[in-house]
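Asker: show me how the following folds:
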Amino acid sequence: VRDGRPYPPAIVAEVEILPGVVEALQRLKMAGFVLIVVSNQPDVARGTTPQETVEAINAFLANRLPVDRFIMCYHDSADNCDCRKPRPGMLFAGAKEFDVDLSSSYMVGDLWRDVEAGIAAGCKTIFVDYGYDEKRPQSYDYQVFSLQEAAITILMED
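Answerer: As a prediction, the model looks like this:
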């Protein structure tokens, strides 16, 4: 986070896993959930971050988090693709790959684009409010303040 806004790490050494994230994901995994990370990575299209860097960061995270799949959109908003959130293309791709019913799924995100992608895909949505100084989602099913709270909400609902 820089100046109240989220910024992606530029190198693996800058990756920080927030406290409680590993445990929250482990609880969901043990409950039988498929965990898919979907992420816009427009800096690749803009030429400011190499795709290899994003892949190295994902590999680092995959070795530490119980995530089934990382799905990336490497396009910029000007590319007008179907995968860049708030469009639901990455969610549809993950659902197809893992045979997931999106209407019984949760999209958990800390940005308005995440929540709107979840709504567009027909998911239940959980907005993780980290207090960023930027546009907020207009609607969502649940608002929480940490990934741990999101996991508890999901486990209580299912």
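Asker: residue 114 versus residue 11, what's the distance?
Answerer: Distance check for residue 11 against residue 114: by Cβ to Cβ, to the nearest Å, it reads 24 Å. In short, each C-beta sits where N, CA and C put it, glycine included.
Asker: out of these two, which sits in the more crowded spot?
Answerer: residue 114 (24 against 10; other Cβ atoms under 10 Å).
Asker: ok, that one - contacts?
Answerer: 85-86, 107-108, 127, 137 (Cβ atoms under 8 Å, 6 or more residues apart in numbering).
Asker: quick check: it vs residue 73, distance?
Answerer: Using Cβ to Cβ, residue 114 is found at 12 Å from residue 73.
Asker: ditto for residue 115
Answerer: Taking Cβ to Cβ, one finds residue 115 at 16 Å from residue 73.
Asker: with residue 7 instead?
Answerer: Remark: distance between residue 7 and residue 73 (Cβ to Cβ) = 17 Å.
Asker: looking at the two, which one has more neighbours?
Answerer: Neighbours were counted for residue 7 and for residue 73 using other Cβ under 10 Å; residue 73 has more, 22 against 10.
Asker: the more buried one contacts residue 89, correct?
Answerer: Yes. Using Cβ atoms under 8 Å, residue 73 is in contact with residue 89, at 7.5 Å.
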